[in-house]
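*Asks:* Sequence first, then the predicted structure, then my questions.
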Amino acid sequence: MVVAWVREEKTQYGGSLVDQDGLWKKVIGELFEDFLLFFAPELHTHIDFCKEPEFLDKELFQEVVDKRKGRRFADRLAKVHLKDGKEQWILIHIEVQSKKETDFPERMFRYFYRIYDRHQKKIVAIAVHTSPSRSDIPERFTYDYFGTQLHYSYRNYQTEAYSDEELERSDKLFSKIILAAKVLHQTKDEAHQRYLFKRKLMRELIHNQNYSRTAVQAVFHFIDYLLQLPEAYTNRLSEEIRPMIRKETELMELYNKENASPTIMNAFDLELEKGIEQGIEQGIEQGREQGIEQGIEFEKRDITKKLILKNMALETIAEITGLTLEQVKEIRKTLN
């Protein structure tokens, strides 16, 4: 079993609160393989990812984690299979934290021994620190009292230890997540610089066919909510993203109403409006009101067909296009 435990303070910028612990929990769950490839490549090689990691309920950790007032925790629990065919319990303890705490190594040890004592499973502990300033954070907990000694070490990473150039060159998808975490602090009061970063990264991911669209969508969701922009910049970015997408169907692959980023949702709405406007223009050229209505209807049906072929939920298609659910079902029948 792999357990990813994430903890992050809420950070306020631009007048809004960003639930960073929730964002990290979500992106680690969605990009779990990429996370391990980035932080634990030697462990990654032993896991059989042909068998999907099974994420379990968080109750397993409720008696383990600290519940001190003011702290928020996000945890991930997953059961994985190794390439040798065995089902192995491996506990990966991950803490994403931004504030330096003098008792941090001791807390890491407490989580270790509580998990080990309760479950007797192998544990890999990973600490990821997102503070904007590099500091000497101890990588081990030591105890020495009249001959009784204890030395506990764990993996310790700081996002600031990675250079921007290194992360930009990396072909590992999770490097973009780490880069975004750095840019959060670098552009705290620089909306334009944040906008330029998001535009550059989105362009890169849209055109990179080595990443699945689902993975790209997960990155977009993370950076869009972590690196919030004023509405004017978000609208501008949506306008610029739409022409970058070579095929309309690629934009649709990135659209999932439950997980889509604001930028992609805006770009999709613009694409839909564009199609409807084309239908209106066709109707005007025909010189009659009926032609306008027919043009709009044609564009809606054409978009509906494409969304159906992309296996989007019929209810979602109806909501997007304004057609009734029955109309969408009838269109689906014509594709069979």
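*Replies:* Sure thing, it's come through.
*Asks:* helices and strands around the one helix or strand Lys198 maps to, which ones?
*Replies:* Counting by DSSP states H and E, the element that carries Lys198 is helix 191-207. In terms of contacts (3 or more C-beta pairs under 8 Å, 6 or more residues apart in numbering; DSSP states H and E), helix 191-207 is packed against helix 174-186, helix 213-226, helix 231-244. The way it works is simple: take the backbone N, C-alpha and C, and place the C-beta from them, glycine included.
*Asks:* Dump the ones you listed into JSON lines; add mean neighbour count, mean pLDDT and distance to Tyr154 as well.
*Replies:* JSON lines is the format used below for the helices and strands packed on helix 191-207 (neighbours: other C-beta atoms under 10 Å; pLDDT from 0 to 100; distance: least, C-beta to C-beta, whole Å):
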{"stretch": "helix 174-186", "mean neighbour count": "21", "mean pLDDT": "94", "distance to Tyr154": "19"}
{"stretch": "helix 213-226", "mean neighbour count": "21", "mean pLDDT": "90", "distance to Tyr154": "25"}
{"stretch": "helix 231-244", "mean neighbour count": "16", "mean pLDDT": "84", "distance to Tyr154": "39"}
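*Asks:* which residues in this protein form strands?
*Replies:* Using DSSP state E, the strands of the chain run over 2-6, 11-13, 16-18, 54-56, 74-81, 87-88, 90-97, 122-129, 140-145, 148-153, 155-158.
*Asks:* Which of the ones you listed has the lowest mean pLDDT?
*Replies:* In terms of mean pLDDT, the lowest-scoring of the strands of the chain is strand 11-13 (a mean of 37).
*Asks:* Just the mean pLDDT for the helix holding Lys198, thanks.
*Replies:* Here the average pLDDT along helix 191-207 is 91.
*Asks:* residues of it that come out buried?
*Replies:* Buried residues in helix 191-207, defined by neighbour count with 16 or more other C-beta atoms under 10 Å: Ala191, Arg194, Tyr195, Phe197, Lys198, Arg199, Leu201, Met202, Leu205, Ile206.
*Asks:* ditto for stretch 111-123
*Replies:* Tyr111, Phe112, Ile115, Ile123.
*Asks:* from these, which is closest to Glu240?
*Replies:* Of all those, Tyr111 has the smallest distance to Glu240: 44.2 Å, by C-beta to C-beta.
*Asks:* Switch the buried residues of stretch 111-123 over to CSV; also include distance to Leu150.
*Replies:* Conversion of these to CSV gives the following (distance: C-beta to C-beta, whole Å):
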residue, distance to Leu150
Tyr111, 15
Phe112, 11
Ile115, 16
Ile123, 15
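*Asks:* List just the nearest of those residues to Ala40.
*Replies:* Checking the buried residues of stretch 111-123 one by one against Ala40 (C-beta to C-beta), the nearest turns out to be Ile123, at 12.4 Å.
*Asks:* Just confirm the closest one contacts Tyr116, I think it does.
*Replies:* Yes - contact criterion C-beta atoms under 8 Å: Ile123 and Tyr116 qualify, at 6.0 Å.
*Asks:* re earlier: closest one to Arg140 among the helices and strands packed on helix 191-207?
*Replies:* Comparing the helices and strands packed on helix 191-207 by C-beta to C-beta, helix 174-186 comes nearest, at 23.2 Å.
*Asks:* Tell me what angle the closest one forms with strand 122-129.
*Replies:* Angle of helix 174-186 versus strand 122-129, following axes from the mean of the first three to the mean of the last three C-alpha atoms, to 10 degrees, is 40 degrees.
*Asks:* from here on, count from 11
*Replies:* Happy to do that; since the first residue is 11 now, the last one works out to helix 184-196.
*Asks:* now what about helix 184-196, what contacts it?
*Replies:* Identification of contacts with helix 184-196 by C-beta atoms under 8 Å, 6 or more residues apart in numbering yields 21, 23, 37, 41, 44-45, 47-49, 140, 142, 169-170, 172, 174, 176-178, 203-204, 207, 211, 215, 229, 232-233, 236-237.
*Asks:* go again using 7 Å as the cut-off
*Replies:* By C-beta atoms under 7 Å, 6 or more residues apart in numbering, the residues outside helix 184-196 that reach it are 37, 41, 44-45, 47-48, 140, 142, 169-170, 172, 174, 177-178, 204, 207, 211, 229, 232-233, 236-237.
*Asks:* any idea of the pLDDT on Asn269?
*Replies:* So, for Asn269, pLDDT stands at 63.
*Asks:* And for the one 10 residues further on?
*Replies:* If you check Asp279, the pLDDT there is 70.
*Asks:* same thing with Leu46?
*Replies:* 93.
*Asks:* Can you pull the domain assignment for this structure?
*Replies:* 12-181, 282-345 (automatic domain parsing).
*Asks:* ranking those domains by mean pLDDT, which is last?
*Replies:* domain 282-345 (a mean of 69).
*Asks:* For Leu333, which non-adjacent residue is closest in space?
*Replies:* Residue nearest to Leu333 in three dimensions, not counting chain neighbours: Lys310, with 5.9 Å by C-beta to C-beta, 6 or more residues apart in numbering.
*Asks:* ok, now Glu325?
*Replies:* In space, Glu325 is closest to Leu335, 6.4 Å off (C-beta to C-beta, 6+ apart).
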